[in-house]
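Asker: Show me the folded form of this:
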Amino acid sequence: MRHGATEWSRAGRHTSTTDLPLLADGEQAARSVGSRLAGHDFALVLTSPRERARRTAELAGFPAAEVDHDLVEWDYGDYEGVTTDEIRASVPDWTVWTHPCPGGETATDVAARLDRVVGRARGAAGDVLLFGHGHSLRVLAARWLGLPVADGRLFALDTATVSVLGREREDAVVMRWNS
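Answerer: The predicted structure is shown next:
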């Protein structure tokens, strides 16, 4: 599950290390999604350490979610708090998928973190629930499917949505996305 809306997510500002609270409607959306998850038994529930993800987990009914630092958002470095349009004023055609983030993480760094989360999920004795962030969860989906990080660009992800990754026989699949 991606966290509920924050001021910066609503404004399209890249938010990794800045710890912003959820907006009131972001809190309401987290509660609403939580009602859809109620009654489902999860073998493992993990959350990013960021306030917006932890609060979403709490409001969705999972206050005891285990903090996993590998679920933090892509570190945007010098682009923290900046919109894509603002970045493109000096770096035409920039995307997090195709260009570096000066002072931040590389795609290889992000892949290594999310590969560890995928490994934990695959090793769990049942369903796993993750609370995280837009770009990192998109990377997680790509890595779940065995795709390169850049293919995360194919998985648009709104705030306070649930996506389900799973298996169909021997294949890793997307069962539901951005729901």
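
Asker: rest of the way, CA atoms for contacts and neighbours
Answerer: Will do.

Asker: All the strands of the chain, in order from the start?
Answerer: 44-47, 66-67, 128-131, 164-168, 171-176 (DSSP state E).

Asker: Could you tell me how far the last one lies from the centre of the chain?
Answerer: Averaging C-alpha coordinates over strand 171-176 and over its chain gives two centres that are 17 Å apart (Cα atoms, centre = their mean, to the nearest Å).

Asker: In this structure, which helix is the longest?
Answerer: In the chain, with assignment by DSSP state H, the single longest helix is helix 107-123.

Asker: Can you pull up the most central residue in the protein?
Answerer: residue 133 (2.7 Å; Cα atoms, centre = their mean).

Asker: report the angle between the axes of the longest helix of the chain and strand 164-168?
Answerer: 60 degrees (axes from the mean of the first three to the mean of the last three Cα atoms, to 10 degrees).

Asker: Put the alpha carbons of helix 107-123 into CSV.
Answerer: What follows is helix 107-123 as a C-alpha-only set of coordinates in CSV (Å, rounded to 0.1, in the frame of the first residue of the first chain):
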residue,chain,number,x,y,z
ALA,A,107,19.0,2.9,-9.5
THR,A,108,21.4,0.1,-8.5
ASP,A,109,21.2,1.2,-4.8
VAL,A,110,17.4,1.2,-4.9
ALA,A,111,17.3,-2.2,-6.6
ALA,A,112,19.5,-3.7,-3.9
ARG,A,113,17.2,-2.4,-1.2
LEU,A,114,14.0,-3.5,-2.8
ASP,A,115,15.4,-6.9,-3.8
ARG,A,116,15.9,-7.5,-0.1
VAL,A,117,12.3,-6.7,0.6
VAL,A,118,11.2,-9.0,-2.3
GLY,A,119,13.3,-11.7,-0.7
ARG,A,120,11.7,-11.2,2.7
ALA,A,121,8.2,-11.3,1.1
ARG,A,122,9.0,-14.5,-0.8
GLY,A,123,10.3,-16.1,2.4
